[in-house]
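Novice: prediction below, plus the sequence it came from.
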Amino acid sequence: MSPFTFNTVPSLIVGSGSIARLGEIAAQRLGPRVALITDAGLVKAGLIAPALQALEEAGIAVDVFDGVVADPPEDVVLSAAARARDFEARAVIGFGFDQLRLHRIYVDIDPRNSASLRVAEKLALRREGHFLETSWAKGEWTDSVVFALLDREYRARWLKAPVRASRRG
């Protein structure tokens, strides 16, 4: 194996609209060519499309490797590394449930935001509840609608993978 340098994340950027800043941030910190590593479920669900758009609008060439599986075996890791090397990627960006070791993701949406509600429904997120007057914004109390997805639901829906028992830790 060729030598390489591995750097951990220097910062995490969290908040509404953060994905739209990915291109700008990548252009400043990562260089003109990046490899995006993910799984087929996220690609199929269209969840990486905003990231690809932001990167491409910033003039960054992107190669997507969507062969990641849970706890990837060595051959998958080596395939992803070889692909990034062949693409001459200057950096690697990883997206996915397993990479972040998530058990559950959720979104909290203002029910007046019909576009966001449609996106949550299109992605097959489970509607968990409508909560009244949960936050104060722009001089008024606003409601909140919560949608969620468990890792086992994600696997069953998008990866067509066998559903396994919940993991802990």
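Specialist: Yep, it's here. Because the structure is predicted, anything quoted here is derived from the model rather than measured.

Novice: could you use CA atoms for every contact and neighbour count after this?
Specialist: Fine.

Novice: next secondary structure after the lowest-mean-pLDDT helix or strand in the chain?
Specialist: The helix or strand of the chain with the lowest confidence, counting by mean pLDDT, DSSP states H and E, is helix 97-100 at a mean of 54. Going down the chain from helix 97-100, the next helix or strand is strand 104-109, by DSSP states H and E.

Novice: which other helices and strands contact that next one?
Specialist: Contacts defined by 3 or more C-alpha pairs under 8 Å, 6 or more residues apart in numbering; DSSP states H and E place strand 104-109 against helix 114-122, strand 140-150.

Novice: want to try TSV for these, with mean pLDDT and distance to A54 as columns?
Specialist: Output for the helices and strands packed on strand 104-109, formatted as TSV (pLDDT from 0 to 100; distance: least, C-alpha to C-alpha, whole Å):
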stretch	mean pLDDT	distance to A54
helix 114-122	80	18
strand 140-150	90	25
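
Novice: tell me which of these lies nearest to R104.
Specialist: Among the helices and strands packed on strand 104-109, the nearest to R104 by C-alpha to C-alpha is strand 140-150 (4.4 Å).

Novice: check which residues of the closest one are buried.
Specialist: Residues of strand 140-150 classed as buried by neighbour count (16 or more other C-alpha atoms under 10 Å): T142, D143, S144, V145, V146, F147, A148, L149, L150.

Novice: my guess is the fourth one contacts T134. True?
Specialist: No - counting by C-alpha atoms under 8 Å, V145 sits too far from T134 to count as a contact (9.8 Å).

Novice: show me which residues of stretch 24-35 are buried.
Specialist: Quick answer for stretch 24-35 (16+ other C-alpha under 10 Å): E24, I25, A26, A27, L30, P32, R33, V34, A35.

Novice: what does it contact?
Specialist: 54-55, 58-65, 84, 87-93 (C-alpha atoms under 8 Å, 6 or more residues apart in numbering).
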